[in-house]
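> Structure for the following, please:
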Amino acid sequence: MADNRSYIKISVFYSEGQKTISSNNISALDDRIILRGEDFDLVPHKSIVDVAGYLKDGVVFMSGRITLSTTSQVNLDIIKTDNKQERRTYLKVKADLKTKLLRAYSKGKRKRSYRIDEVIQTRDISLGGIAFFSNRTLLKKQMITIDFNSIKPGFIAKAEILRKERGPFAGFRFKYGCRFLDVGGEEERVLCEFVFKKQLENHRKLTLMQDDMN
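Coordinates of the predicted model:
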């Protein structure tokens, strides 16, 4: 169950209204978790929720049942726990996200960059990297910066291009695959939360499509 792990932060996701409750003030014992904080959204008693527990070396995904929900405290019982996802074992989800390619660095010159400021479209994203479509000609091993302000205000990620494919791809000339560089702990948790929510959203869309076909 909760396994008494030393969580840095726990996020609770409730599908109705897309509510998210996060806290780093955590008490965990066996299969019971208590979160304390301020201005929490209220979740109906006994609701089944998705839970992400962030550790220093990875993340654990769980399912839980709400036993108490107030604006300052949430209690839940864990009813299912997946294996820990190590930092090097990256979840990847499809994500149609409009964002910007801000700058690129001259190849082999980490301190010399030039401004781009062009819209790109993401194909998928993980804790370790991103694939995106662009009309800009870039090179393998080139470093770039990408604006993730829509995920977290002020979040600008540096990445290295690992793969390049020539299109066309829905109006774009190229598809690039990149790995993130020097992403800090808080940004990593923000990315993890975004990826997990997107994974749930994609799963629900697929379930609705399957229900419509039946």
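> mind checking the SS state of D96?
Applying DSSP: H, G, I helix; E, B strand; the rest coil to D96 yields a three-state assignment of coil.
> Who are the contact partners of it?
Taking Cβ atoms under 8 Å, 6 or more residues apart in numbering, we find D96 in contact with 121-123. Backbone N, C-alpha and C define where each C-beta goes, glycine included.
> among these, who's most crowded?
R123 (19 neighbours; other Cβ atoms under 10 Å).
> if we can go back for a sec, K198: which of the contacts of D96 is nearest?
Relative to K198, the closest of the contacts of D96 is T122; by Cβ to Cβ it sits at 10.3 Å.
> show me what contacts the residue nearest to the closest one when sequence neighbours are not counted?
Using Cβ to Cβ, 6 or more residues apart in numbering and skipping the chain neighbours, the partner closest in space to T122 is L97 (4.3 Å). L97 is in contact with 121-122, 125, 150, counting by Cβ under 8 Å, 6+ apart.
> likewise K100?
117-120, 146-147.
> in the protein, which helix or strand is least confident?
strand 85-86 (a mean of 60; mean pLDDT, DSSP states H and E).
> what's the most distant pair in the contacts of L97?
Q121 and S150 (12.5 Å).
> overlap in contacts of those two?
97-98.
> before we move on, back to that, which of the contacts of L97 fall within strands?
If you go by DSSP state E, these have 121-122, 125 in strands.
> export those residues to JSON lines and tack on pLDDT and distance to K140?
What follows is the ones in strands among the contacts of L97, written out as JSON lines (pLDDT from 0 to 100; distance: Cβ to Cβ, whole Å):
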{"residue": "Q121", "pLDDT": "92", "distance to K140": "20"}
{"residue": "T122", "pLDDT": "92", "distance to K140": "19"}
{"residue": "I125", "pLDDT": "90", "distance to K140": "20"}
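> Closest to P44 out of those residues?
Using Cβ to Cβ, these come closest to P44 at I125, 31.0 Å.
> Isn't D77 up against G64?
Yes. Contact criterion Cβ atoms under 8 Å: D77 and G64 qualify, at 6.1 Å.
> Those two: which has the busier surroundings?
G64 (25 against 15).
> Which segments of the chain make up each domain?
Domain assignment of the chain by automatic domain parsing yields the ranges 9-86, 92-188.
> Dump those to a markdown table, plus distance to K198.
Formatted as a markdown table, these follow (distance: least, Cβ to Cβ, whole Å):
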| stretch | distance to K198 |
| --- | --- |
| domain 9-86 | 11 |
| domain 92-188 | 5 |
